[in-house]
Structures are given as structure tokens and as C-alpha cells.
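Enquirer: any chance you can model this:
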Amino acid sequence: MPAHGPGPGTANDPGPDPDPGPGPDPGPGPDHAPDLAPGPGLAGLPPAYRAGALVALVAVAVGVCVHLGLVFLHVAPANTLSKQHGSLVGEWIYPEFEQNWQLFAPNPLQQNISVQVRAEVETADGGVRTTGWYDLSAQDGAAIRGNPLPSHTQQNELRRAWDFFVATHDSGDRPTGPRGALSEGYLRRIAVLRLGRENAAGPGGALTRIQFRSRTTAVPPPTWSGEKVSGQPLHRQLPWWPVPVGEAEGDVTG
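Expert: So this is what the prediction gives:
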């Protein structure tokens, strides 16, 4: 006997499959693949630019290696290379890249030194006036205070320049060696740049001479050390230095 199952249209018969609708677009075939955009970095540059960038990278790498090598010869103990090329090393290092390891010395710095400068200005109408004193050390201190990442320039440029000057001059402010003139020029250029940013010359004016002075006070020792230091400040005032015309006009690269 034939089996009598549920007839069409009953609950157990799902009926014909519903229309699945349009399927996903398979996209263009292999013959219609989109053009790939150039990759990032040097690979995305035209050949001429890639060659220029490569030359620039090589030049920077060589310059860094040469700089590190000269600094190493400067700080390393005396050896054959440093003796043979001592003048070249000195010309590259001084004054901008001079190294100082006093932090690790038995007697670290124990003084506060404030460096100030003033200028003699030739005004636009041909007159001459003298500016007030600009406290350069206070400017650096204000820029560092509260700054979690102060620049090396703010921390060390002026301080090292003044140390360089003091180390190469006697108590009468006379150079004690050939580096004396170099230290004077370095310190003078720093002052000219700072005074230029402060617009010390005024409209149409020009710096003709500058003068430095300093105030040195001892850092009080801790109470438990028993060390006694004088609390009397020491003052030093340098003579007037003429400012070359080129520097007065903003060229301090010489």
C-alpha cells in the first residue's frame, strides 16, 4: 500500500524554496583588477627623487659618524689619532660641542652665576643711547622652570659660554691663550642674538657695543656637612666690546 504522508500545503511541508535574491557581487574579474597605488616611503617616489633622498640619507649618516668620531677623539685619553689630528678635532669641537664631565667630578658645581648684558645703541636719528641690563640667566631660568623637557640650549648654552670665557681669561679679563678670542666671539654672538630677540636696538637702531657683568653666589651647603662658605656675592664687570657690523645686522655665523 502506498504510504500516505502529509499532503502538500501542510505544516510539515516547507514548500518551494524562497527566492534567494541577488547574490554578492563577485567584483571585477582578473582582467579588470584596479591599479595599485604607489607604496608609502621612498618606494612611492619617482626614481629621481628616490636617488636624491638616498644621497641625502647617506650624507647625513656620514656626517653623524664623523661628528661622533671627532667627539670620541676629544673625550678619549690621548692616543695616536688624537695627537696627530688634534688641531682638526679642536676646530670642530670648540666652542659649540665642547664636552664637560664636571657632573661626575669629585667637586660638582657649587655656585649660582647670573650673567647680564647691556648694549650701546646707535639710534635711527644718529644719537647714542645705552640700554638697561638684560638678565640672560634669569631668562633661561624662566624658560626651564616648570618645563619637563627643557632644551639643551636653554640649560647649557649661556652657562658653558661663560665658563669657557672665564677659563680662558685672567682676573684682568685678558686672554690667556689663543682660545681667548674664540670664547669672546662666542659669548658676544650669544648676547647679540638675545638682544636682537628683545629688540634692544629699537626701530632703525643698531648695536654698536655690548658689556657683560656677572654675579656669583655660593650654593649653601647642607646643614649636616659642617662646611662653611661665604655668603658674600662676587661681582665681575667686563669692558665694552665692539659689535662687528655684520653681527649687528643679524649675521652671527662668522
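
Enquirer: mind checking how far the residue nearest to residue 212 when sequence neighbours are not counted is from residue 62?
Expert: Distances taken as Cβ to Cβ, 6 or more residues apart in numbering put residue 238 closest to residue 212, at 4.5 Å, once the chain neighbours are dropped. Backbone N, C-alpha and C define where each C-beta goes, glycine included. In this view, residue 238 and residue 62 are 41 Å apart by Cβ to Cβ, to the nearest Å.

Enquirer: next up, the contacts around the residue nearest to residue 212.
Expert: Under the criterion of Cβ atoms under 8 Å, 6 or more residues apart in numbering, the neighbours of residue 238 are 173, 211, 212, 213.

Enquirer: phi, psi for it please.
Expert: phi -90, psi 160 (degrees, to the nearest 10).

Enquirer: what does stretch 123-133 contact?
Expert: Residues from elsewhere that reach stretch 123-133 (Cβ under 8 Å, 6+ apart): 116-122, 195, 200, 202-205, 208, 213.

Enquirer: please identify the buried residues of stretch 140-154?
Expert: Buried residues in stretch 140-154, counting neighbours by 16 or more other Cβ atoms under 10 Å, are found at 140, 154.

Enquirer: outside of that stretch itself, list whatever touches it.
Expert: Taking Cβ under 8 Å, 6+ apart as the criterion, the residues outside stretch 140-154 that touch it are 155, 158, 159.

Enquirer: so where's the stretch 151-254 of the chain uncertain?
Expert: Scanning the stretch 151-254 of the chain for pLDDT under 70 picks out the ranges 250-254.

Enquirer: go again using 80 as the cut-off
Expert: Regions of the stretch 151-254 of the chain meeting the criterion pLDDT under 80 cover residues 225-226, 248-254.

Enquirer: where does the residue nearest to residue 212 sit relative to residue 135, distance-wise?
Expert: For residue 238, the distance to residue 135 under the criterion Cβ to Cβ works out to 16 Å.

Enquirer: now residue 116
Expert: Taking Cβ to Cβ, one finds residue 116 at 5 Å from residue 135.

Enquirer: between those two, who's got more neighbours?
Expert: A direct count of neighbours by other Cβ atoms under 10 Å for residue 116 and residue 135 places residue 116 higher, at 18 against 15.

Enquirer: surely the more buried one meets residue 134?
Expert: Yes. The pair residue 116 and residue 134 qualifies as a contact (Cβ atoms under 8 Å) at a distance of 6.3 Å.
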